[in-house]
Every structure is written in C-alpha cells, then in structure tokens.
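In: need a structure here:
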Amino acid sequence: MRKLTTLLLTIILLVIFPAGIIGEDSFSNSGFETDFTEIFDEYGAVILIFYPLTGKIVYANKAAAEFYDYSIEALISFNISDLNALTDVEISAEMQAAETQQRNYFIFRHKLDSGEVKTVEVFSYPVIFRNQNMQFSIIHDITDKVYEHQRDKILTASVIVFSVIIIIILIISIVIISKSKRELKKLKMRFENLNLLRETFNNASQSLIYLKDENLKYVFVNKAVEVFYGKKAEDIIGKDDFTFSEEEFTRQKIKTDLEVLEKNEIIIDEIKWNDRTYETTKFPVKLPSGKYGVGAYVRDITDNQKNLQLQYCLLQRNSILNDILTHPYKCRQEQLDYVLHEALLLFEIEYLSYHDSLTGLHNRRYFEELLNSDKIESKLPISVVMCDVNGLKLINDIFGHAHGDMLLKSMAEILNVNCRIGDVAARWGGDEFVMLLPSTDNETAKKLIARIKEQFSQKQISGIRGSVSIGSDTKITRNENILFTLNNAEELMYSQKTLERDAFKSDAINSIINSLHNNFPREKEHAEKVRNICCKMGKYLKLDEIELKKLKDAAFLHDIGKIVLPAHLILKNVSPSDTEWNEIKKHPVIGYRILNSFDNTLDIAELVLTHQERWDGSGYPKQLICNEIPYLSRIISLAESYDRKLSGAPNRKSMSKDIALESIRSSAGKHFDPVLAEQFIEMAMQDNEI
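Out: Got it, this is the predicted structure:
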C-alpha cells in the first residue's frame with residue numbers, strides 16, 4: 001500500500017505540475033525521476049511511458065518485460081502499435097467509446113513475444129517526463145476475466161442440459177428398478193473380476209471391447225478394435241486415443257470415459273462418426289493396482305437404424321398407394337398431378353437405393369444384381385476391374401473425413417470419365433471401386449488401368465498425391481462364372497496393394513512437406529534455418545550421431561502439421577483471433593499424426609508433438625513441465641524461437657541478434673530450459689553465422 005500510495009502521489013505531481021514549475025534542474029537535483037522509476041520497477045502492474053504522437057516507448061518496467069516476454073531493451077525499441085493487436089479502425093472505435101463514456105481507460109488486445117494475444121485494460125494519463133509531454137499507461141491483464149465471463153454463459157447452458165440428462169437417467173433408473181432389482185444388483189458389481197472381463201472380450205465378435213487404465217491408455221483390446229483401427233493389439237496397448245483418431249472423435253470418446261471415472265457408474269451413450277452410429281456402454285473397472293479404469297462395449301447400430309428406415313419406406317409406399325386409391329379428387333388433372341408427385345418421390349427413393357450418396361456412382365447392391373442378371377452374358381469377353389484407393393485411412397486420420405471424401409470423389413470422377421457407353425462403374429465399399437467392361441479383352445483393360453492410374457496420380461489431396469492399386473480379370477466363355485472373375489480381380493488388386501504400400505508411404509511424407517514448402521516458401525526457409533541452428537547446437541552439446549540426426553530431422557519437419565492450416569492463417573499479417581489461434585495450436589498434434597503414420601519417422605513424432613511445450617507448463621498441446629519435455633524438443637523450441645525473433649513475421653518486427661538473445665535469457669525458466677538457454681546463448685555468441 002505504501003508503494004502504491006507513493007506511486008499515485010508521483011503521478012498526480014507529474015500531471016498537475018507542468019515543466020515550467022518542475023523544471024529539468026529540479027528533476028536532476030532532487031533525484032526525483034530516479035526515485036519514481038525505481039518505484040515503478042518494483043510495482044507489480046505493467047507500466048509503459050511513450051510519446052503520445054509517435055507512440056515510441058521510452059520507459060518499461062520489469063512487470064512489462066515479464067508480461068510481454070521481451071527484455072526491457074527490446075520494449076523501448078518498439079512503438080506502442082507493435083504491441084497492439086487491434087486494427088487502426090478498432091483502436092479508433094475503442095478510443096471514441098471511451099471519450100463518449102468519459103473514461104480514461106481502454107480495452108485493447110496486446111500480443112506477446114510468443115504470438116499469444118491477451119485482452120488488457122489500459123489506464124492512460126498525460127504526464128511531463130524528462131521535460132517532455134508523455135503518455136503514462138498502467139496495464140492490467142483481464143484475459144481471465146473475459147474468459148470467465150464467456151465460460152459462465154457456457155456453464156449456465158451446460159447446467160440446463162445436464163439437469164435434463166439427470167432427469168432422464170433418473171426416469172430410466174426408476175423403470176429398471178421397478179422391472180428387476182436383481183438385474184440392477186448385477187450391474188452394481190461393475191465387473192470387478194478381471195478374468196470374467198477377459199472372457200467377455202473373447203466371446204465378443206463384431207462389437208468393440210476394450211479396457212483402459214486410469215490415464216485412459218489401452219491395456220486390453222479385442223479383435224474388433226484391431227480391425228477398427230487397422231493395427232495389431234501390441235501397437236494399440238499403452239497408447240491413448242489421440243494416437244489413432246481425429247481430435248473431434250477422440251474428444252467424444254474421452255468425454256464419456258472421464259464421466260465414468262468421475263461418477264463411478266455405467267454410462268450408455270451414442271456416438272455418430274463418419275456416417276456410422278455407435279452405441280457405447282462404459283463402466284468403471286477396478287484394476288489390480290487398486291485404481292479404476294474404464295471398460296467399454298461398443299456396438300455399431302447403423303444397420304439397425306437403416307433397417308428401421310427401410311421398414312418406414314415400405315410403410316410410406318403403402319400409405320401413398322392407399323392415398324392414391326382413396327383420395328377424393330376434383331378432376332382427373334388433380335389425380336394425375338398427385339400421382340406424378342408421388343411417383344417422383346418413389347423414383348428418388350429408388351435412385352438412392354441403387355446409387356452411392358457420396359460419389360453418385362452405382363452402389364454395390366446394383367452391381368451385384370447386374371452380375372446375377374442375364375444382361376451381360378451376350379457381350380463376351382467381359383473384364384472386371386477392381387480399384388483400391390491407397391491412403392484413405394491415412395488422410396482420414398490426419399486431415400479428417402472431409403479430405404478423405406474429396407479423395408473418393410476424385411476417384412469416382414476419373415472412373416466416370418473413362419467409362420464408355422455400356423460400361424458400369426460402382427463404389428464397392430469404403431475405399432474400393434469396381435468396373436464392369438462388356439466386350440473388353442484383357443489387353444484393352446490393361447490400357448484402361450494404366451490411364452486411370454496416371455490420371456489419379458495427378459490429383460493431390462492435402463499434399464498427398466493420388467495413388468490407387470488395381471487388379472483385373474477377363475471372362476472369355478459362357479461357362480466361366482463371373483463371380484470367379486470378380487474374385488480373381490480382387491485378389492490381384494490386393495497383391496498390387498501389398499507391393500505398392502511401402503512406395504506409397506515413402507512418397508506420401510515427401511509429398512506433404514514439399515506441398516507445404518512449395519506453397520509457402522517462408523516456411524521452407526524457416527525449417528532449413530531451424531535445422532541449421534539445431535545442428536550447430538547439437539554439435540556444441542556433443543550429441544552422438546544418432547541423436548544429432550533425430551534432432552536435425554525433427555527440426556526440419558517440426559511445422560509439417562501446418563499443412564492442414566488454411567493459407568490465410570499462415571500468411572496472415574496481423575495477430576490471429578482467439579479462434580484462429582486455437583486452430584494454429586493444433587499443428588503439433590497433426591504433425592505427430594503424420595509422422596506417427598510412417599515407419600521411418602516414428603522416432604521423431606514425439607519431438608514434433610512437444611516442440612511447443614514450455615518449461616513452466618504453459619505450452620501446448622499437453623502442458624508438459626520441466627523435464628517432462630523431451631530434451632531434443634527443448635533444443636528445437638530454442639532454435640525455433642530464436643529464428644522467429646531474428647526473421648520476424650508479417651505481424652511481428654524482427655530483432656537484432658543481441659536483443660533476440662537477451663529475450664531468450666529473460667524467458668529462461670519460463671519458456672525455456674534455463675541450463676539449455678544459457679548454453680544456447682554461449683553457442684550463438686561464438687558463432688557469427690547464426
């Protein structure tokens with residue numbers, strides 16, 4: 001309080017007494033300026049003094065350096081506009097609002113050295129400082145207050161929804177209790193016997209059954225889970241859902257997992273994903289360690305719902321027919337109009353039953369009926385071509401199903417273009433397509449296959465070049481079964497897929513990084529500089545050859561996850577909004593998924609995931625702290641930050657080498673490993689090339 005009182009009195013003196021009364025001599029003789037700047041340095045709030053007309057900062061206290069994460073020397077080299085994230089129009093609007101409301105404080109958004117943007121409340125007063133008119137500003141971080149206000153709104157809505165859910169659960173519970181107390185007692189046992197749980201797993205066929213530990217990492221999975229993820233059990237156990245699934249799908253699954261652990265009760269829910277509906281039954285399981293994990297039984301109920309829809313369509317059709325026969329029409333024209341309208345509805349239903357809704361091609365049902373008909377027997381030889389799009393699951397897992405859908409649509413377009421009159425192309429299911437080519441011998445089919453592969457290789461989805469494995473076979477005589485021809489084509493396709501798998505994976509990682517760097521040359525330049533700095537730092541630390549190679553590879557690929565970001569975010573020349581910043585913060589997770597999908601980059605995936613973590617735990621995406629962050633990731637973090645400071649950005653001015661190193665020193669123990677930070681500064685001071 002004493003320092004605060006002194007501070008306020010100092011400000012009042014500065015405001016009330018002009019330069020003519022408190023002259024330059026009285027400042028220098030009394031040592032007054034020295035006293036109040038010392039007070040400012042000890043004051044906990046951020047204080048800046050700057051020229052009101054130019055915005056040039058002339059004084060910043062220690063709290064300002066800590067808040068903005070710049071050194072004091074760096075701050076006094078800035079203009080106040082370098083810190084403000086609002087546009088000139090937004091700044092003008094805020095100042096006009098303050099004038100209308102007769103207040104001397106403003107609400108601005110200030111950007112920190114890390115790129116993060118904070119909402120601040122600025123109290124600003126004119127003062128005489130160093131015998132010149134200056135603007136004195138006290139700045140408070142109110143980001144948490146703004147966040148709390150928004151969170152309260154969301155919380156209110158959540159409480160309402162949660163209350164409705166509780167009421168529904170209570171009603172269901174009452175019904176269950178009234179029907180059978182015995183069944184309720186069985187549910188309350190919660191499967192405490194682990195051997196009984198394993199027996200349940202082994203007896204399950206189509207359903208996904210798994211057990212997670214208290215950290216939501218898999219400890220047991222059945223065969224259905226292996227098939228669902230396309231991985232063996234040993235590759236799943238010990239890992240969490242973020243490794244295998246898209247972030248949004250993972251959050252849906254984890255939400256009910258956490259609810260089970262928190263409430264210690266059975267939770268039944270439905271999850272909709274990728275045009276499928278899953279019913280999940282999750283329950284707490286006591287582990288041998290004494291802690292509780294989550295057991296789950298997941299059932300795909302999509303087909304059940306489709307059957308119900310089919311029954312509904314049949315009932316609807318009968319209802320329409322009954323309406324046509326019994327409806328009192330005024331004239332024949334009205335009856336004709338009504339019949340035509342209903343006929344169009346039925347035609348649409350029939351069309352959808354024989355066509356794939358995503359690609360517009362015929363579906364498997366239509367193709368199988370065509371094979372079993374006599375329509376094609378007279379058009380020998382008949383060739384069947386089976387196609388399997390490579391990398392669909394990879395693209396779905398990394399970039400999302402919208403990108404996977406684009407890949408499938410591209411394949412469908414190419415098949416359509418290459419279909420002659422009488423040819424039939426259909427989506428067989430998932431990533432597989434099939435073509436029926438009447439009056440086509442084996443050699444003609446081979447030429448068509450080469451054309452399809454070439455055209456599809458020209459397509460690019462999220463930086464990955466189109467690749468398709470194709471097999472074919474030809475029916476020559478009537479005695480041959482067309483189904484055998486289909487099976488032979490399918491087996492040849494799978495053989496091709498096995499041979500082409502490694503080549504596709506090798507090409508995919510290079511294709512992604514080349515696409516990012518070709519579209520955004522500044523990202524390539526940054527990646528090369530960070531790799532060079534990390535190489536010098538690794539040699540300075542005397543890392544062995546294996547660790548040094550990992551460090552260089554991870555440094556070059558550390559921002560590969562930005563391939564999913566829209567161009568306007570990468571090229572943006574102003575500070576991103578909160579929503580945009582949240583999108584940018586996803587790139588380490590995306591990079592991890594990309595690198596974790598290829599055998600030759602598995603060892604650096606974790607380094608890319610954690611290169612934005614901070615020593616004090618304020619980084620992302622895992623909020624790791626201190627030595628929880630991998631050692632090599634801490635080096636990449638230093639090199640990446642150093643290059644950003646030297647090179648600048650569209651929304652941030654570049655720094656000199658001395659100021660950049662001073663900024664790193666001031667962030668040691670907060671953003672960076674303090675020991676590594678000092679070693680990095682020593683290395684950089686000795687090397688004139690970086």
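In: buried stuff in the helix or strand that contains residue 73?
Out: Residue 73 is part of helix 72-75, with elements assigned from DSSP states H and E. The neighbour-count check on helix 72-75 (16 or more other CB atoms under 10 Å) flags 72-75 as buried. For every residue, glycine as well, the C-beta is placed using N, CA and C.
In: ok, then the element right after it?
Out: Taking DSSP H and E, what comes next after helix 72-75 is helix 80-83.
In: averaged over its residues, what pLDDT does that next one have?
Out: Taken as a whole, helix 80-83 has a mean pLDDT of 87.
In: And that helix, what's buried?
Out: 80, 82-83.
In: Which of those residues sits closest to residue 682?
Out: Closest approach to residue 682 among those (CB to CB): residue 82, at 29.0 Å.
In: which residues touch that closest one?
Out: Residue 82 sits next to 652-653 when contact means CB atoms under 8 Å, 6 or more residues apart in numbering.
In: Try it again at 10 Å.
Out: Residue 82 makes contacts with 55, 57, 68, 70, 74-75, 110-111, 651-653, as judged by CB atoms under 10 Å, 6 or more residues apart in numbering.
In: ok, back up a step: columns distance to residue 124 on top of the buried residues of helix 72-75, output as JSON lines?
Out: Below are the buried residues of helix 72-75 laid out as JSON lines (distance: CB to CB, whole Å):
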{"residue": "72", "distance to residue 124": "20"}
{"residue": "73", "distance to residue 124": "23"}
{"residue": "74", "distance to residue 124": "22"}
{"residue": "75", "distance to residue 124": "17"}
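In: neighbours around residue 240, how many?
Out: Counted with other CB atoms under 10 Å, the neighbours of residue 240 add up to 18.
In: Would you mind confirming that it makes contact with residue 214?
Out: No. Using CB atoms under 10 Å, residue 240 makes no contact with residue 214, being 11.9 Å away.
In: Now stretch 569-576 - C-alpha only, PDB.
Out: Coordinates of each C-alpha in stretch 569-576 appear next as PDB, following Å, rounded to 0.1, in the frame of the first residue of the first chain:
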ATOM      1  CA  LEU A 569      -3.700 -18.200 -41.400                       C
ATOM      2  CA  ILE A 570      -0.100 -19.000 -42.500                       C
ATOM      3  CA  LEU A 571       0.200 -15.700 -44.500                       C
ATOM      4  CA  LYS A 572      -1.800 -13.500 -42.000                       C
ATOM      5  CA  ASN A 573      -0.100 -10.100 -41.400                       C
ATOM      6  CA  VAL A 574      -2.000  -9.300 -38.300                       C
ATOM      7  CA  SER A 575      -2.300 -11.100 -35.000                       C
ATOM      8  CA  PRO A 576      -4.700 -14.100 -35.100                       C
END
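In: since we're on residue 231, how many residues are nearby?
Out: 15.
In: Just the element for it, please.
Out: Assigned by DSSP H and E, residue 231 falls within no helix or strand.
In: Repeat that for residue 436.
Out: strand 432-437.
In: Which other helices and strands does whatever helix or strand comes next after that strand contact?
Out: Per DSSP H and E, the first helix or strand lying C-terminal to strand 432-437 is helix 442-457. In terms of contacts (3 or more CB pairs under 10 Å, 6 or more residues apart in numbering; DSSP states H and E), helix 442-457 is packed against strand 382-389, helix 401-417, strand 432-437, strand 468-475, helix 482-519.
In: Also compute the angle for the last one relative to strand 468-475, please.
Out: Comparing the axes of helix 482-519 and strand 468-475 via axes from the mean of the first three to the mean of the last three CA atoms, to 10 degrees yields an angle of 160 degrees.
In: how about helix 482-519: buried residues?
Out: Neighbour-count burial for helix 482-519, counted by 16+ other CB under 10 Å, picks out 482, 485-486, 488-490, 492-493, 496-497, 500, 504-505, 507-509, 511-513, 515-517.
In: Now that helix: average pLDDT?
Out: Rounded mean pLDDT across helix 482-519 is 90.
In: now swap in stretch 415-435 and tell me
Out: 94.
In: buried ones in that stretch?
Out: By 16+ other CB under 10 Å, the buried positions in stretch 415-435 come out as 415, 418-419, 423-428, 431-435.
In: do the same with stretch 649-663
Out: Buried residues in stretch 649-663, counted by 16+ other CB under 10 Å: 652, 655, 659-663.
In: out of these, which are inside helices?
Out: Using DSSP state H, the subset of those located in helices is 659-663.
In: With respect to residue 525, which of those residues is nearest?
Out: Once CB to CB is applied, the member of those that ends up nearest residue 525 is residue 660, at 16.9 Å.
In: Residue 258 reaches residue 294, doesn't it?
Out: Yes. Taking contacts as CB under 10 Å, residue 258 lies within contact range of residue 294: 8.8 Å.
In: overlap in contacts of the two?
Out: 216, 267.
In: Looking only at neighbour counts, state which of those two leads.
Out: Taking other CB under 10 Å, residue 258 and residue 294 do not tie; residue 294 has more neighbours (23 against 13).
In: from memory the more buried one sits against residue 209, does it?
Out: No. Between residue 294 and residue 209 there is no contact under CB under 10 Å: 11.9 Å.
In: In the protein, what helix or strand scores lowest on average pLDDT?
Out: helix 24-30 (a mean of 36; mean pLDDT, DSSP states H and E).
In: Give the partner strands of the longest strand anywhere in the chain in its sheet and their orientations.
Out: Counting residues, the longest strand found in the chain (DSSP state E) is strand 117-129. The pairing partners recorded for strand 117-129 under DSSP bridges are strand 105-111 (antiparallel), strand 132-141 (antiparallel).
In: Ok, which of those strands comes nearest residue 689?
Out: strand 105-111 (29.8 Å).
In: buried stuff in the closest one?
Out: Buried residues in strand 105-111, counting neighbours by 16+ other CB under 10 Å, are found at 106, 108-111.
In: Output those in a markdown table; the columns should cover distance to residue 457 and pLDDT.
Out: Converted to a markdown table, the buried residues of strand 105-111 look like this (distance: CB to CB, whole Å; pLDDT from 0 to 100):
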| residue | distance to residue 457 | pLDDT |
| --- | --- | --- |
| 106 | 57 | 83 |
| 108 | 51 | 87 |
| 109 | 46 | 88 |
| 110 | 49 | 91 |
| 111 | 43 | 90 |
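In: could you list every residue that touches the residue nearest to the spatial centre of the chain?
Out: Per CA atoms, centre = their mean, the C-alpha nearest to the average position across the chain is that of residue 586, at 4.6 Å. Residues near residue 586 by CB under 10 Å, 6+ apart: 247, 561-562, 564-565, 620-621.
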